[in-house]
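Undergrad: no sequence on this one, just coordinates:
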């Protein structure tokens, strides 16, 4: 079973022993993720950022394992980064597209990952 669904089932069953063991077994990752959240969110909204990033990472990994769509192969990352660089450079140099850089980055990433998985 995946990490996200295991965690949710243990929370819903109030298994405090498992939750304590899970937290203490992953102290390095807790501190590494908290440093990342502090940097990304500029020290603001730390708790919300930790919750968001934790569940986003778990769901991202679980989606790959449950759907069979791989996100971390060398060919997939090659297509992902080349398309990101190309489209973000184009959007950054355009006055009309510059305000929509985050949306363009997200759409480019999703489309390139799906295209790489379909055609490779």
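TA: In hand now; what should we look at? On a predicted model such as this, the values are computed, not experimentally measured, just so you know. Residues are numbered from 1 along each chain as shown.
Undergrad: hey, let's count contacts and neighbours off CA atoms from now on
TA: Fine.
Undergrad: Just say helix, strand or coil for the closest residue to residue 30 other than its chain neighbours.
TA: Leaving aside its sequence neighbours, residue 30 sits nearest to residue 23 (Cα to Cα, 6 or more residues apart in numbering; 7.8 Å). Of the three states, residue 23 takes helix under DSSP: H, G, I helix; E, B strand; the rest coil.
Undergrad: for the top helix by length along the chain, which positions count as buried?
TA: For the chain, the helix that runs over the most residues, judged by DSSP state H, is helix 46-67. Within helix 46-67, the residues scored as buried using 16 or more other Cα atoms under 10 Å are 46, 49-50, 53-54, 59, 61-62.
Undergrad: Can you report how many residues neighbour residue 25?
TA: Residue 25: 11 surrounding residues under other Cα atoms under 10 Å.
Undergrad: Also residue 26?
TA: For residue 26, using other Cα under 10 Å, the count is 10.
Undergrad: just use 421 as the starting number from now, easier for me
TA: Understood, numbering begins at 421; the last thing we discussed is residue 446.
Undergrad: residues making contact with the helix or strand containing residue 439?
TA: Assigned by DSSP states H and E, residue 439 belongs to helix 436-445. Taking contacts as Cα atoms under 8 Å, 6 or more residues apart in numbering, the residues outside helix 436-445 that touch it are 427, 430-431, 450.
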